[in-house]
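Trainee: everything below, folded, please.
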Amino acid sequence: MSRTRPFPHRRAAAYTAAAALLVTLAQPLAARAAAPAPPSDAQPSAGRSTAVDLGTSEAQWIDADTVVWKVKGGAGTSEQLVYAPDGGITVQDGAIGGESHRLRMTPGALTDAQKAKYPHLKDYQAYTIDPRDRDRVRAALRGQLIAIQRAADGALLAATGVQLPGALDDLYARAASRASLGPVFHGGKVTLSVWAPTAHTVSLDLGGRTVRMRRDAASGVWSATGPAAAWRGKTYRYAVRVWAPSVAKLVTNKVTDPYSVALTADSERSLVVDLADRGLAPEGWAGLKKPRAVAMKDAQIQELHIRDFSVEDSTVPAADRGTYRAFTDRDSAGSTHLRELADAGTSYVHLLPAFDLATVPERKSEQSTPGCDLASYAPDSDRQQACVTESAAQDAYNWGYDPLHYTVPEGSYASDPDGTRRTVEFRQMVQSLNKDGLRVVMDVVYNHTAAAGQDDHSVLDKIVPGYYQRLNADGTVANSTCCANTAPEHTMMGKLVVDSVVTWARDYKVDGFRFDLMGHHPKADILAVRKALDALTPQKDGVDGKKIILYGEGWNFGEIADDARFEQATQKNMAGTGIATFSDRARDAVRGGGPFDEDPGVQGFASGLYTDPNGAKANGTAAEQKARLLHYQDLIKVGLSGSLAGYTFTDSAGKKVKGSEVDYNGAPAGYAAAPGDALAYVDAHDNESLYDALTFKLPKDTPAGDRARMQVLAMATATLSQGPALSQAGSDLLRSKSLDRNSFDSGDWFNAIHWDCRDGNGFGRGLPPAADNEAKWPYAGPLLASVKAPGCDRIDGASAAYQDLLRIRTAEPAFHLGSAEQVQKELSFPLSGTRETPGVLTMRLGDLVVVMNATPQRQAQRVPGAAGTAYGLHPVQRKGADPVVRASSYDEGSGTFRVPARTVAVFTRG
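Mentor: As a prediction, this is how the structure comes out:
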């Protein structure tokens, strides 16, 4: 299977049926005829229009007995399903030709239960399969299938393909969902199983020989069993003979196992491997001692790409750079820094996708590198990006959101991609991070596949065409995620998600999972994952599944938006489940504007809005800036509460409001039911890094020291909030990607983390790649040319100040409140209201007072009720690395806290 990149990372793959003047439609024929079919040469009456489009699949078979179709009925019209197992049905000149068979249907109506299960189909006309034909339903699903409508005189009025997932779930999924798929070892034998209910035949290509597979009629699962000793380590693929609507013909697909647990290089073949084999366990694996489990509400997370971690770290042996093994080099600069963060309070490392990817060549000998001296060009040159782009299609870099096999570690990160070294070395990586005091989160991407149909990078859709992918109303594959959407609302795709996550948790000892575009999953699917993990025990499985954390992107968009097809795993729907969702509310308020602003200079709380204007017209008048800044401060207050829907406070207009009543672009700012429902962050791999966003937004002549201070202040809004927080790895070191807003394919040059401050922070490496950034070059160029990259004093100082805040957060119980009621009792914003200072947030939290001064001036905040109570700067900051914060003071007589410019100060009572 080729690993070259003929498509960009987030490519939209279409699932289109072949359509021409002569279109073949087929589906299972039966020996017994149903009602006599109208003559194949029946023609439409003169002047009568027809709706014949065999390039679409607008009818949907939703259960064994019911088909829905938006087609206009009329006096004397009739609807039928037409099928032929091997194809051969044709539509030409308005008539159906070729040998075919019929299933009769009668018009009816959807039941309430059907409407509830398929809300997006509630207005469709329903048809019931004639009871006399129900014994041929399973046959009809295994070939070419169309729905047709005829007039009373037999003329063809409409014809379209048929979507099958509902019927397949109804007929097969109950039994199939209990099946163990992929390789299963037991009692000296191994069984290989694949679900392929619509396949005519499936055989096993095992090490170059063909092995017959047997089909279970109830489940649609095909299996072959053999001696474990003889089959272990052999390569295999399935040869699936199946009707493929995307090419409108019967095909034989030689395809790897979607339940693969091991692969050859470049995913050419699956391997018969038992993950319980002791030879795959690193020394000490069975007795691995985990760091203390940290609940979701208390998690502090570093988001890290495996290759970024070490590829330019000269303290890592050259052979290990960019690989799993780099994490075992415990004296490297990167590992040392991660241990420092762990000591300060970071509890998890979130690894960007590390499953088998579709677009990176796994053999190092086949990977390309830029053919230019990238370091020789000017900071604002376009030559670096041009060179990087020229080699991008075949280089070693990608974020990895292009899944090929969900449950196998990616081979390009292994010392040898051919075989099981990737399994061993992934486990060594987890083991090493755990020894460094960090639990491991894996970024999982079950919402889409790299491709669908007959594409080289398609797996699932070659085995059960049209089932695993979510289809639009016309039968094309939905691609709102970026690529070919999957359909975890279908039983067997949901099962794959659960089975895969359990494998990573049990066999790789992963401590948490971050779900990419989780809002494209049903809530029930994610809760099923939670239930399956909770069933894992140390005695039975070697891990405690209840201690595994879950979070994801709860965005609400696409064909499933607003629960159009099912109750989604979105921000509002996941509240109260203990499964967190990323909260974008405070992120945008802190940074300013949004990720897709035409002018990246739109300012926010931590980038100088109103208090240090940059002159961008997009920011509006001074009055408009002040009003927006004060609203941003309300959004940040909601964020500091843990984005609680019910948290009540006085807003900047002087009104008493709930978090859910504060507006965020037309949506409620507060949506969480408890701390831990919302994940705070101000940067991640998507969009510009925090340093780059602030570079765009702060006035161009802002000194490097002030830029560093604003970086720490921005990060503090997440770190000091209730609930979990995430930061992109390197952000405490002022990490830059040279203003790249989408670096998924920008190579090592723009993405590598520079752990040693003497190597810089990544800023000034040229204009970012044109594909996603050229429109911003007029803004980026002058900044790259004139803004000086920070030196070691600024980089090290920012990291030390951030670590001090982490220590405070970790040590103080007030940052770990367990309920909305506790937050309401302990947290307040005593100066919030009509006289609130623009650019300053003062938060009272139990015995603490936190002042966030984002302005360029020293600020005094007189807190009602504080006079007469002793407060002092928190000992961690008083003895800490930042000399500026040590100039903060408190006057007990007046209850006034004074804090230097661009500073976060934490005061404690007593």
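
Trainee: list the buried residues for stretch 96-105?
Mentor: Buried residues in stretch 96-105, defined by neighbour count with 16 or more other Cβ atoms under 10 Å: 96, 98, 100-105. From N, CA and C alone the C-beta is placed, and that goes for glycine too.

Trainee: ok, then the element right after the top strand by length along the chain?
Mentor: Counting by DSSP state E, the longest strand found in the chain is strand 235-244. Later in the chain than strand 235-244, the nearest helix or strand by DSSP states H and E is strand 249-255.

Trainee: pLDDT (mean, whole number) over the helix or strand following that next one?
Mentor: The first helix or strand that comes after strand 249-255 along the chain, using DSSP H and E, is strand 270-271. For strand 270-271, mean pLDDT is 98.

Trainee: tell me the helices and strands packed up against strand 270-271.
Mentor: For strand 270-271, the helices and strands in contact under the criterion 3 or more Cβ pairs under 8 Å, 6 or more residues apart in numbering; DSSP states H and E are strand 235-244.

Trainee: so what strands line up beside the strand it packs on?
Mentor: Strand 235-244 has its sheet partners listed here by DSSP bridges as strand 201-206 (antiparallel), strand 249-255 (antiparallel), strand 270-271 (antiparallel).

Trainee: next one: the next helix or strand after the first one to chain centre, how far?
Mentor: Where DSSP H and E defines the elements, the next helix or strand beyond strand 201-206 is strand 209-212. Averaging C-alpha positions (Cα atoms, centre = their mean, to the nearest Å) puts strand 209-212 38 Å from its chain's average.

Trainee: repeat for stretch 454-469
Mentor: On Cα atoms, centre = their mean, the centre of stretch 454-469 falls 20 Å from that of its chain.

Trainee: what about it, start to end distance?
Mentor: Chord length of stretch 454-469, first to last residue, is 13 Å (Cα to Cα, to the nearest Å).

Trainee: list the buried residues in that stretch.
Mentor: Buried residues in stretch 454-469 (16+ other Cβ under 10 Å): 454-455, 457-469.

Trainee: for the residues you listed, which one is nearest residue 434?
Mentor: For these, the minimum distance to residue 434 (Cβ to Cβ) is 31.5 Å, reached by residue 459.

Trainee: pLDDT on stretch 634-645, on average?
Mentor: Mean pLDDT, stretch 634-645: 98.

Trainee: return the distance of it from the chain's centre.
Mentor: 24 Å.

Trainee: where does the stretch 701-850 of the chain dip in pLDDT?
Mentor: For the stretch 701-850 of the chain, no stretch has pLDDT under 70.

Trainee: which stretches of it form strands?
Mentor: 725-728, 827-828, 840-845, 848-853 (DSSP state E, counting those that start in this stretch).

Trainee: give me the sheet partners of the helix or strand following the last one and which way each runs.
Mentor: In other words, strand 848-853. Next in sequence after strand 848-853, counting helices and strands by DSSP H and E, comes strand 859-862. Here strand 859-862 is paired, per DSSP bridges, with strand 896-899 (antiparallel).

Trainee: averaged pLDDT, the partner strand. What do you get?
Mentor: 98.

Trainee: next, format the strands of the stretch 701-850 of the chain as a markdown table and append distance to residue 507.
Mentor: Formatted as a markdown table, the strands of the stretch 701-850 of the chain follow (distance: least, Cβ to Cβ, whole Å):
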| stretch | distance to residue 507 |
| --- | --- |
| strand 725-728 | 26 |
| strand 827-828 | 42 |
| strand 840-845 | 42 |
| strand 848-853 | 43 |
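
Trainee: ok so, going back, okay, the strands paired with strand 235-244, which one's buried deepest?
Mentor: When neighbours are counted by mean count of other Cβ atoms under 10 Å, the highest per-stretch mean among these falls to strand 270-271, a mean of 24.

Trainee: who does the following helix or strand past that strand pair up with?
Mentor: Downstream of strand 270-271, the next assigned helix or strand under DSSP H and E is strand 300-304. Sheet pairing for strand 300-304, assigned by DSSP bridges, gives strand 348-351 (parallel), strand 725-728 (parallel).

Trainee: need the mean per-residue confidence for strand 300-304.
Mentor: 98.

Trainee: return the residues in contact with the most centrally placed residue in the chain.
Mentor: Most central in the chain under Cα atoms, centre = their mean is residue 516, positioned 1.1 Å from the mean C-alpha point. Residues near residue 516 by Cβ atoms under 8 Å, 6 or more residues apart in numbering: 353, 401, 443-447, 552-553.

Trainee: coming back round to it: which of the buried residues of stretch 454-469 sits closest to residue 233?
Mentor: Of the buried residues of stretch 454-469, the one sitting nearest to residue 233 (Cβ to Cβ) turns out to be residue 459, at 21.5 Å.

Trainee: please report phi then psi for the closest residue to that closest one other than its chain neighbours.
Mentor: Spatial nearest neighbour of residue 459, chain neighbours left out: residue 258 (5.3 Å); criterion: Cβ to Cβ, 6 or more residues apart in numbering. Dihedral angles of residue 258 (phi, psi; degrees, to the nearest 10) stand at phi -60, psi -20.
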